[in-house]
Structure formats: C-alpha cells, structure tokens
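Participant: just coords:
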Ligand code: NAP
C-alpha cells in the first residue's frame, strides 16, 4: 500500500537517515522554516550507533568532542563519565536529542529508501521506500553515514551454516549470549579488534580468522576525572571553536617534528609515552611525518611490532599478529582494550587466512585449507562498502534517468563531497570527497549540515530553486582529492579508504585528506562567492 507523506504541495526537503547527521539536518531545516520530512531504515534514531551494538562497541573519539556543538545547554548537562563513550551511551545521547528537540514526529522509521528519482519537468525529487511510502520534495539531503552498508563477503556455503551468524554492523537488539559457545570471528579491523577481547571473556572458545594483521594502539579508556570535566565544561565554547578549526575535528596538538630527526632512544621514549597515553596521540602527537615518509613510518611500525612481541607470549602467534602488508596507520588505526593480550588466553586461537585460506563455510563451522573448525556461532566483522555503498543503495536517479551507480562507474565524482553533477538539489552529508571518516564525524557533520542549511536559505532569499554542481568544478575537486591523497602513504594500503575491500569497486581514495580546517575554508569561500562551482536556476525556471 502506498502512503503519501505530502499529499498537497511538495515538501521543501526530504532527509534520509536519523543518525548524527539526519537529526541535525532535519532540525536545522525545520528551524529555518522549511517543510521537511525524514526517512530512517531503522526502527529508531542513532544511525551507526543503532546498528553497531556488538560487544565492545565504543567510539574512538573522546567523549568531550563526540557530541553536537549546537546544543550548549545540553553540553553542560550531559554527564561525561568515560574517556571514550560506549555504544549504549551514544545511542542514549542521540535518543535524548531526538526527544528534546521533538524530532521523531517528523521522521518515518522502519522506512528503507529504495528509489529517489528526479523529474526534470517539475524540478522535484520523488522518494520511495520499500514499505510503500512516497514523498516529493525540491531538495533531498542524504544523511546515510559512510559505514552503514555491511560488507558480507561471498563465502561459499555461508547460508548452510546451522549455527548463529552475526554481522557486527547489523547486530541484533536482544542480548547475544556467548557463554560456553564455540565462536568464530572473521575480520580484525576496528570492529573485530573491539569485539574479540569482550567475546573471548564470555565464550567457551574463540577462533579468530585473520586475513590481514592490523596495527592497533591501546585506547586507555578510563573514567574521567570530574575536575577535568568541570574545567572542560567551563571552556566548552573555546574547545568547540578549536575543534572546528582543527584538521581532524579534535582539539589535539599535532607534532611537526620528523621521526627521523631524533635519536633512537628518544624516539622510542616518545612512542612509549604515546602508547601509554592511548589514542590517536600515537599517530599525530608523536611525529609529523609518519603518514608521509616511509622511513619515518617504519619507525612507528617497528615500535608496534616490538610491543606485540612484548605482550604476546607465544612467538608464533606474535608473528602472525604483526602487520607487514601496509604502512602503519594507512588503514584506519583501531584503538583497543586488551587486544593483543587476548591472544594469551587459553580459550583463544588465531588462524592466519593468508597461510591457510578460508575455503568454505560448512553447516558446522569454517573450513580452511588447514582443516575444519567446528563452531556454534560465526561473527562477521568484515566491514562495510564504505562511503559509496550507502548512497548507491538508495536507488538515486538524476537527470535523464541516469543512476548514481552509472555516474560513479569509475569511482565517485563529487563537488566537495556534497553534490554531484546531473543530480540537482541533492546534497550528500559526509559524501565521498569530503573529510568525513578522516575526521571526528560530528564535527564534519555539523559543518556540512550548516553549509547546506545556509545554502538553501540563500537560494530561498533570492527566489532561486535549483542548484547543481558544474562538471568542471567536480572534475577539479575530484582530481584534487586524489592529488592530496597521493602526497601521503595512504594509497599504499589495500584499505576501505581505497575501495579495496569490495571486489570490483574502483580504486580511488574516497575521503578528502586535506584537513577539515582547509576544507571548511574552501566551503566558506564557495558560498561567499555566490556558490561558485554550482549552476543556479530560478524556482520558475526549474518548475517550467
Ligand atoms: P574493516 O576495517 O573493513 O575490517 C574488516 C575486516 O574483515 C578486515 O580484517 C578484513 O581483512 C576482513 N575481511 C573482509 N573481507 C574478508 C574476506 N573475504 N575474508 C577474510 N577476511 C575478510 O571493518 P570494521 O572493522 O567494521 O571497521 C570499519 C570502520 O568502521 C573502521 O575502520 C572505523 O572507521 C569504523 N569503526 C570505528 C569504530 C570506533 O570508532 N571505535 C569501531 C568500529 C568500526 P583485510 O584487512 O584483509 O581486508
């Protein structure tokens, strides 16, 4: 049955997604006087934090800046308890925001958008959901997240498994009990690295199937000193300002010293200090050239490998855990709690899928070339079709019925990660070509939401109804995104940043690595110059 969300006039805007981005976008547009409706696939708000309920799920950004800055009262009220917020706490925060701002009434939940089609005659988009709702609107804003389309590798026999299969990115709402169970987990990215120590504590036996060893740094999560919290809260506005003007959306200092400039003993002491402090200080606060100079990078990589030797008691297991396939930090660096230590537990085994490849999933477990592993449960921690996957899943068709998948057949082409030529009046919050996943997400999200909100208000003030990225601005930006990435070591890793985790996906560096500060200035400049790089048209011209 079809349900029309707007029966008379078209809406000004439809927002897709009710995570950090969608909640703020809907609120912002509503406050600006636009008519707006949201669709969310999940049954509740939260986005990433709604779906990723796996044991150990926790944010790698510190709680003081993993929140909205546009709610100064709430930032004073919200308790800051632990250094890194866990999934339940972040979900509670977003649920609170949704209630406080009365956002739920403008969303349809349990509504999976499967088609977004542009009508050139009217200049309107029609949005349809699998559940039968439709809405027409002048603008569509996608707020679907960068890591929301689960990657389920095509393992032979996966459907034949008679035990329980789970994906970290689509975790059930009811508690999963591992007690006494034989559990297998495939994948050792950030999700696997967080889940493994927690599952190991509960399971009868845990077998970790590792294809590529990952570098990871201790998170050093801990309760926050409440004197520190009080001081932080007194200066929140200043911290927010610094956060917005930083390269990564976090108010942390970045070293400019080369790792090759200092003698070895001093360098090791600096790495030791950062290892003990926990978090991304190791990558950004130690030396300034770890991600641009191979020799400098090797010093960090060697240090982490030496830590693995120190922590893991079985030398053979330690060797298997040592990353060698890519430079340190060029795959998204996870932060962990007791990851390497977990391999000293008697109920945990590590299987190296490079030595003994996974051949098939069987009704009773996993078979590799080294033998059969009988299991009661398989956890897929196999990641996501990052950045492009969630957008392509929406069934977007722009001018002349061209799909986004066709437009991006050779990789995503965007202007500022915000807009795509041929798809007028469509905005993609934290889309490919924006800093997104290389920054602290709420900060990037707020910058995009505010830019989009201001843009729509600007168009309204001038009786303009159409905005579309030009081909030339898009080509220039897309080339710039690659050029900047090529100044770093990141493209050397077969990472999801490069699309390398999905068979057949074009290999391009997906996010913009030039820094949120530089990026924000560029966006402001574009707006200040009358939305340069966009073609603008009047509302009448669009509608005629
Ligand atoms: P991921 O980093 O893409 O890791 C997926 C893992 O699955 C990798 O170890 C990968 O091995 C393995 N894998 C994939 N396909 C496989 C196959 N066919 N056979 C065997 N192994 C396979 O995914 P993720 O761990 O879910 O993390 C994704 C991103 O989400 C993170 O990088 C981070 O940005 C975000 N995240 C953040 C947090 C946090 O803030 N705390 C937590 C979780 C996730 P290869 O390396 O060989 O491809």
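Facilitator: Happy to help now that I have it. Note that the coordinates shown come from a computational prediction; the quantities given were computed from them, not determined experimentally.
Participant: OK, contacts around residue 440?
Facilitator: Counting by CB atoms under 8 Å, 6 or more residues apart in numbering, residue 440 touches 61, 65-66, 243, 248-250. C-beta here means a position set from N, CA and C on the backbone, and glycine is covered the same way.
Participant: ok, now with 6 Å
Facilitator: Residue 440 makes contact with 61, 249-250, according to CB atoms under 6 Å, 6 or more residues apart in numbering.
Participant: Just among those, which is most surrounded?
Facilitator: Neighbour counts for these, by other CB atoms under 10 Å, peak at residue 249, which reaches 28 neighbours.
Participant: and that residue, how far is that from residue 243?
Facilitator: The gap separating residue 249 from residue 243 is 6 Å, by CB to CB, to the nearest Å.
Participant: Give me the common contacts of these two.
Facilitator: With CB under 6 Å, 6+ apart as the test, residue 249 and residue 243 both reach residue 443.
Participant: Just say helix, strand or coil for residue 49.
Facilitator: Three-state call for residue 49 (DSSP: H, G, I helix; E, B strand; the rest coil): helix.
Participant: Touching, it and residue 87? I think so.
Facilitator: Yes. Here residue 49 reaches residue 87: they are 5.5 Å apart, a contact under CB atoms under 6 Å.
Participant: Now do the longest strand along the chain, average pLDDT.
Facilitator: Longest strand in the chain by number of residues (criterion: DSSP state E): strand 133-142. Mean pLDDT, strand 133-142: 97.
Participant: Can you spell out which helices and strands pack onto it?
Facilitator: Counting contacts by 3 or more CB pairs under 6 Å, 6 or more residues apart in numbering; DSSP states H and E, strand 133-142 packs against strand 11-16, strand 124-129, strand 426-428.
Participant: So for the following helix or strand past that strand, what gets flagged as buried?
Facilitator: Moving toward the C-terminus from strand 133-142, the next helix or strand (DSSP states H and E) is strand 164-167. Using 16 or more other CB atoms under 10 Å as the test for burial, strand 164-167 gives 164, 166-167.
Participant: quick one: contacts for the residue in the stretch 101-250 of the chain positioned nearest to the ligand?
Facilitator: Scanning the stretch 101-250 of the chain for proximity to the ligand using CB to the nearest ligand atom identifies residue 189 as nearest, at 2.2 Å. With contact taken as CB under 6 Å, 6+ apart, residue 189 is in contact with residue 383.
Participant: give me the beta-bridge partners of residue 373?
Facilitator: residue 366 (DSSP bridges).
Participant: Now for the closest residue to the ligand within the stretch 251-400 of the chain: which residues touch it?
Facilitator: The ligand sits closest to residue 383 of the stretch 251-400 of the chain, with a gap of 2.5 Å, by CB to the nearest ligand atom. With contacts defined as CB under 6 Å, 6+ apart, residue 383 is in contact with 151, 189, 496, 501.
Participant: how about the nearest residue to it, chain neighbours excluded?
Facilitator: Nearest residue to residue 383 in three dimensions, chain neighbours excluded: residue 151, at 4.8 Å (CB to CB, 6 or more residues apart in numbering).
Participant: ok, the one you found - contacts?
Facilitator: Contacts of residue 151 by CB under 6 Å, 6+ apart are 382-385.
Participant: now do residue 536
Facilitator: Contacts of residue 536 by CB under 6 Å, 6+ apart are 464, 467.
Participant: Could you give the backbone dihedrals for the residue nearest to residue 383?
Facilitator: Note on residue 151: backbone dihedrals following degrees, to the nearest 10 are phi -90, psi 110.
Participant: Counting neighbours, what do you get for residue 226?
Facilitator: Look at residue 226: counted by other CB under 10 Å, it has 11 neighbours.
Participant: For it, give me the pLDDT.
Facilitator: The model's pLDDT for residue 226 equals 98.
Participant: ok, which stretches of the stretch 151-300 of the chain are helices?
Facilitator: 190-202, 226-234, 236-244, 264-277, 281-284, 294-311 (DSSP state H, counting those that start in this stretch).
Participant: other SSEs contacting the first one?
Facilitator: Read that as helix 190-202. Looks like helix 190-202 contacts strand 205-210, helix 339-342 (3+ CB pairs under 6 Å, 6+ apart).
Participant: Quick check: which of those is buried the most?
Facilitator: strand 205-210 (a mean of 23; mean count of other CB atoms under 10 Å).
Participant: and the closest residue to residue 412 other than its chain neighbours, what does it touch?
Facilitator: Closest residue in space to residue 412, ignoring its immediate chain neighbours: residue 432 at 3.9 Å, by CB to CB, 6+ apart. Contacts for residue 432 were tallied using CB under 6 Å, 6+ apart; they are 387-388, 412, 414, 417, 510.
Participant: mind giving me TSV with these and columns for secondary structure and distance to residue 297?
Facilitator: Listed next are those as TSV, based on DSSP: H, G, I helix; E, B strand; the rest coil; distance: CB to CB, whole Å:
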residue	secondary structure	distance to residue 297
387	coil	24
388	helix	28
412	coil	27
414	coil	29
417	coil	27
510	coil	21
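Participant: Spatially, which two of those residues are the most separated?
Facilitator: 388 and 417 (11.3 Å; CB to CB).
Participant: The two: which is more packed in?
Facilitator: The neighbour comparison of residue 388 against residue 417 (other CB under 10 Å) goes to residue 417, with 28 against 23.
Participant: ok, the residue nearest to the more buried one when sequence neighbours are not counted - how many residues close by?
Facilitator: Using CB to CB, 6+ apart and skipping the chain neighbours, the partner closest in space to residue 417 is residue 434 (2.7 Å). By other CB under 10 Å, 28 other residues sit near residue 434.
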